[in-house]
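need the 3D shape of this:
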Amino acid sequence: MQSLVLTLIGPDRPGLVESVASLVASHGGNWLESRMSHLAGQFAGVLRIEVPADKTAQLEAALDTLSARGLKVTVARGDSPATSEMAAGLVEILGQDRPGIVRDISRALAAHGVNVEEITTQRRSAPMSGEMLFEASIRVSMPVGLDAVALRADLEKIAASLMVELRFG
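Below you'll find the predicted structure:
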């Protein structure tokens, strides 16, 4: 089996997921995991599938035909995951929205060799003031032996300057 990672984007309308799922299934593929969302009138998604290696090229050609219906599909062949020892962690952010929050947090994580595995963000209105709040949940993998105290200190410095609350652990 060949592992494929697909990204999808196009104007949102009923049937987009079904069109991709039908092509995957008709080529003997298995839908393994996905994240999809409606964002600003667009449908955007990423998914991982497995397909018999001898049907990979046929599936890729079939997915290309979806562009005629406004859905752009990009296919990348997946590799075996690296075999390094990493520990899981979670960073949660809640604070007043402003540009640069994701940049600053991700920069600090990268400086410590921490890999962002998954990030979910949203904006919402604060209950009392109506100001826009920024929320993020970041699932990370950290190198074994990471100096967690130094990482926490760097994240707290950012949190103080950005008025962001962080939970790490």
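
for the longest helix along the chain, what is the distance to the chain centroid?
What stands out as the longest helix in the chain, according to DSSP state H, is helix 148-162. The chain centre lies 23 Å from the centre of helix 148-162; the measure is Cα atoms, centre = their mean, to the nearest Å.

packing partners of that helix?
In terms of contacts (3 or more Cβ pairs under 8 Å, 6 or more residues apart in numbering; DSSP states H and E), helix 148-162 is packed against strand 86-96, helix 101-111, strand 164-168. Placement of C-beta: from N, CA and C, glycine included.

check contacts around the most centrally placed residue in the chain.
Closest to where the C-alpha atoms of the chain average out (Cα atoms, centre = their mean) is Glu118, at 4.7 Å. Counting by Cβ atoms under 8 Å, 6 or more residues apart in numbering, Glu118 touches Arg35, Ile138, Arg139.

residues in contact with the second one?
Applying Cβ under 8 Å, 6+ apart to Ile138 gives the contacts Leu90, Val91, Glu92, Ile93, Ile105, Leu109, Val116, Glu118, Ile119, Thr120.

one more time with 10 Å
The neighbourhood of Ile138, defined by Cβ atoms under 10 Å, 6 or more residues apart in numbering, consists of 89-93, 102, 105-106, 109, 114, 116-121, 166, 168.

for the protein, give me the ranges with low pLDDT.
80-84, 161-169 (pLDDT under 70).

and which of the contacts of Glu118 is nearest Ala68?
Ranked by distance to Ala68 (Cβ to Cβ), those are led by Arg35 at 25.0 Å.

doesn't Glu117 make contact with that closest one?
No: using Cβ atoms under 10 Å as the test, Arg35 is too far from Glu117 to be in contact (11.9 Å).

host element of Pro99?
Assigned by DSSP states H and E, Pro99 belongs to neither a helix nor a strand.

can you pull the contacts of Ala111?
Ala150, Leu151, Asp154.

ok, for the last one, nearest residue in space, not its chain neighbours?
If the residues on either side of it in the chain are set aside, Asp154 comes closest to Ala108, at 4.6 Å by Cβ to Cβ, 6 or more residues apart in numbering.

just want the angle from the longest helix of the chain to helix 101-111.
What separates the directions of helix 148-162 and helix 101-111 is an angle of 160 degrees, with axes from the mean of the first three to the mean of the last three Cα atoms, to 10 degrees.

next, the buried residues of helix 148-162.
Leu151, Asp154, Leu155, Ile158, Ala159, Leu162 (16 or more other Cβ atoms under 10 Å).

correct me if wrong: the third one contacts Ala108.
Yes: with contact taken as Cβ under 10 Å, Leu155 and Ala108 are classed as touching, separated by 5.8 Å.
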